[in-house]
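Colleague: Sequence first, predicted coordinates after that:
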Amino acid sequence: MLIPVRGEKILRRIAQLVVGLVAFGTGIGLMLRSELGLAPWDVLHQGLARRTGLTVGTWSILVSVAVLFLWLPLRERFGLAALVNAVTVGVTIDVTAALVTPARSWGTATAMLAGGILLTGVGSGLYIGANLGSGPRDGLMTAIARRGPSLRTTRTVLEISVLAAGWLLGGTVGVGTLAFAALIGPLVHLFLPIWTIDTGYPEDSWDHPRRHPTETL
């Protein structure tokens, strides 16, 4: 079931959603080209890409679609963000990877990694703050959390699982993976209040208990 796009400042929120997702995908693309390690889900995408010959961005899209199908038995409602996220992030990863050459020095790699993590934090603040629904992976976590385990436990189990699967498939786990895990939470909490748009419907807000049943993301 689709969540209706409603509330105030619709055009601004849609524009902010798209800009945020492009920033997020660009950040992942920079992390990919740094070759210092990726976020857990992107380790999985990279591992699948290395096994099949498809691009990391293509696998990001395919995994997003597969995750959205998992929403159906969990009765999670689809928002605009879930549908736009599924395509935009993957396309942007591939465009960034095509435009940016792999890092050839430690200094360049470190700068690309830092810039990539910063962009993913900014992008997350923008797209979540638009209050147009969850992305595919966050929606899966919250849907599972409503049915028993805490959100923190659900996130930990899912991310360790996809990280292990991606590593076994050949995805890169490294200092970038650890840096992302340590920094993405603080960055999102820094930028999210700046970019949050009041829709006039409290139940649609990212911090409403209905969206996050046990704790905020």
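Modeller: Everything's here; your move. Bear in mind that the values here come from a model prediction, so they are computed numbers and not experimental data. Numbers count the residues shown, from 1 in each chain.
Colleague: Show me what the helix or strand containing residue 127 is packed against.
Modeller: Assigning secondary structure by DSSP states H and E places residue 127 in helix 106-129. If contacts are counted by 3 or more Cβ pairs under 8 Å, 6 or more residues apart in numbering; DSSP states H and E, helix 106-129 sits against helix 10-34, helix 175-195. For glycine as for every other residue, the C-beta is placed from the backbone atoms N, C-alpha and C.
Colleague: Residue 62 is nearest to which of the ones you listed?
Modeller: The closest of the helices and strands packed on helix 106-129 to residue 62 is helix 10-34. By Cβ to Cβ, the value is 15.0 Å.
Colleague: downstream neighbour of the closest one in the secondary structure list?
Modeller: Next in line after helix 10-34, if elements are assigned by DSSP H and E, sits helix 40-52.
Colleague: Any regions of this protein where pLDDT drops low?
Modeller: Low-confidence segments of the chain, defined by pLDDT under 70: 1-7, 200-217.
Colleague: sorry, back to before: please write out the alpha-carbon positions of the helix holding residue 127 in PDB.
Modeller: Output for helix 106-129, consisting of C-alpha atoms alone and laid out as PDB, is shown next (Å, rounded to 0.1, in the frame of the first residue of the first chain):
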ATOM      1  CA  TRP A 106      46.800   7.000   0.400                       C
ATOM      2  CA  GLY A 107      46.200  10.700   0.700                       C
ATOM      3  CA  THR A 108      43.800  10.700  -2.300                       C
ATOM      4  CA  ALA A 109      42.000   7.600  -1.000                       C
ATOM      5  CA  THR A 110      41.600   9.100   2.400                       C
ATOM      6  CA  ALA A 111      40.200  12.300   1.000                       C
ATOM      7  CA  MET A 112      37.700  10.400  -1.200                       C
ATOM      8  CA  LEU A 113      36.700   8.300   1.800                       C
ATOM      9  CA  ALA A 114      36.200  11.300   4.000                       C
ATOM     10  CA  GLY A 115      34.200  13.200   1.300                       C
ATOM     11  CA  GLY A 116      32.100  10.100   0.600                       C
ATOM     12  CA  ILE A 117      31.100   9.600   4.200                       C
ATOM     13  CA  LEU A 118      30.400  13.300   4.600                       C
ATOM     14  CA  LEU A 119      28.200  13.200   1.500                       C
ATOM     15  CA  THR A 120      26.300  10.100   2.700                       C
ATOM     16  CA  GLY A 121      25.600  11.900   6.000                       C
ATOM     17  CA  VAL A 122      24.400  15.100   4.300                       C
ATOM     18  CA  GLY A 123      22.300  13.000   1.800                       C
ATOM     19  CA  SER A 124      20.700  11.000   4.600                       C
ATOM     20  CA  GLY A 125      19.800  14.200   6.400                       C
ATOM     21  CA  LEU A 126      18.200  15.700   3.300                       C
ATOM     22  CA  TYR A 127      16.200  12.700   2.200                       C
ATOM     23  CA  ILE A 128      15.000  11.600   5.600                       C
ATOM     24  CA  GLY A 129      14.200  15.200   6.500                       C
END
